[in-house]
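Undergrad: predicted model, plus sequence, below.
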Amino acid sequence: CANNYLGLSSHPEVIRAAVEALEKFGAGLSSVRFICGTQSIHKDLEEKIARFHQREDAILYASCFDANAGIFEALLTPEDAVLSDELNHASIIDGIRLCKANKYRYKHMDMQDLEAKLQDAQKHRLRLVATDGAFSMDGDIAPLREICQLAQKYDALVFIDECHATGFLGPNGRGTDELLGVMDKVTIINSTLGKALGGAAGGYTTGPKPLIDLLRQRSRPYLFSNSLPPAVVGCASKALDLLMESNAIAQSMAAKTQRFRSKMTAAGFTISGKDHPICPVMLGDARLAAVMADDMLNRGIYVIGFSYPVVPKGKARIRVQISAVHSDEDIDRCVEAFTEVGRKHGALP
Ligand code: PLP
């Protein structure tokens, strides 16, 4: 149930890179970036992130929460509009709260509603559509092709939060925009270094150079928070090297996700979402999700039940997340355990 999608947090080369950075550059900078908190490794990592995403430039933050908190206020004025999916991550919601733009909330992945809101927002100077690339509670993927078409039609920019996509979605793990063939249509990407890319900490924005320059001047979490520690930079940088050398890890995770989803469906479970390593086993009842998760732990499998208020009432589930480091045997053992536990508690006939 970790976001360690590629297993890189325990990869020997990632760990070695962290130790080397720690020894060479010290524990930390005791400074924000623009005073004396920028080392060569920070600039190198920003350049590498931009290259990975095929964007012009990138800017690092202490977390993606900070990247989301900083971007909307820096970019949008009271003359602009932001259109946000109703199920966007809390940090996007908070970031939007901090800005003075006109706010529209469209129904989850509902393109008719987005179009209606875009029509209404034509009266504003600039429009920004903001969506998670992949939604973490349901494992569903935003319809980016349709979103980008609408954005083109109504002259809007597209922003995606790729925390649950960077490193593993798409043929080369570049993310949802690669998966859906719209890398050249999405303007801004925010993502995290704290999940697939080594799992330590850190976040970033990548996109057009003038936007990144603006964020360096105006984005408050960047300006007023400590620089990323060298060991963290070392981990993320090595994780990106590994992913740019080969797409084998991302591919192996996709095959394992497919194995889990198809075997669980064949066993009689309903798995929400499609093709994503977030595999929510839908159970409905909160107590059932909790007792089944406990019983799975008794069988050596660590999965967590989610219920209201984290997910809507009546939509309790056990969220399973597949990682490239799971073996096929691990996955089969997990399906067997779910089947036993499901029968015992009446989730399966
Ligand atoms: N955005 C999404 C969609 C997330 O799932 C998370 C993490 O939970 C974040 C942003 C925040 O990322 P970070 O942990 O780097 O602050």
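TA: Sure thing, it's come through.
Undergrad: show me where this structure has its strands.
TA: In the chain, the strands defined using DSSP state E lie at 57-61, 81-85, 102-106, 127-132, 134-135, 140-141, 156-161, 188-192, 203-207, 278-284, 304-306, 316-321.
Undergrad: distance check, D140 against Q39.
TA: 39 Å (C-beta to C-beta, to the nearest Å). Quick note: C-beta positions are derived from backbone N, CA and C, even for glycine.
Undergrad: hmm, back to that, the ligand is nearest to which of the strands of the chain?
TA: strand 188-192 (3.5 Å; C-beta to the nearest ligand atom).
Undergrad: is there proximity between that closest one and the ligand?
TA: Yes - using C-beta under 6 Å from any ligand atom, strand 188-192 comes into contact with the ligand via T192.
Undergrad: max-length helix in this structure?
TA: Assignment by DSSP state H gives helix 248-267 as the longest helix of the chain.
Undergrad: buried stuff in that helix?
TA: 249-250, 252-254, 256-257, 259-261, 263-264 (16 or more other C-beta atoms under 10 Å).
Undergrad: what is the nearest of the residues you listed to A324?
TA: M253 (4.1 Å; C-beta to C-beta).
Undergrad: nearest spatial neighbour of that closest one, skipping sequence neighbours?
TA: A324 (4.1 Å; C-beta to C-beta, 6 or more residues apart in numbering).
Undergrad: and for the residue found closest to I160 once you drop the neighbours it is linked to in the chain, the neighbour number?
TA: Once flanking residues are discounted, I160 sits nearest to G133: 4.4 Å by C-beta to C-beta, 6+ apart. Neighbours of G133 under the rule other C-beta atoms under 10 Å: 24.
Undergrad: G133 against F168, yeah?
TA: No - in this structure G133 lies outside contact range of F168 using C-beta atoms under 8 Å: 11.4 Å.
Undergrad: quick check: residues of the stretch 201-349 of the chain near the ligand?
TA: Near the ligand, when you scan the stretch 201-349 of the chain using C-beta under 6 Å from any ligand atom, you find G203.
Undergrad: let's see that with 8 Å instead.
TA: Within the stretch 201-349 of the chain, the positions near the ligand by C-beta under 8 Å from any ligand atom are 201-203.
Undergrad: could those be laid out in JSON lines, adding pLDDT and neighbour count?
TA: Formatted as JSON lines, these follow (pLDDT from 0 to 100; neighbours: other C-beta atoms under 10 Å):
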{"residue": "A201", "pLDDT": "97", "neighbour count": "18"}
{"residue": "G202", "pLDDT": "98", "neighbour count": "24"}
{"residue": "G203", "pLDDT": "98", "neighbour count": "26"}
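Undergrad: closest one to P78 out of the residues you listed, please.
TA: Closest to P78, out of all of these and judged by C-beta to C-beta, is G203, at 26.5 Å.
Undergrad: near the ligand, which residues of the stretch 51-200 of the chain?
TA: So the stretch 51-200 of the chain meets the ligand at 62-68, 88-92, 132, 134-136, 161, 163-164, 190, 192-195 (C-beta under 8 Å from any ligand atom).
Undergrad: good, we can wrap up now.
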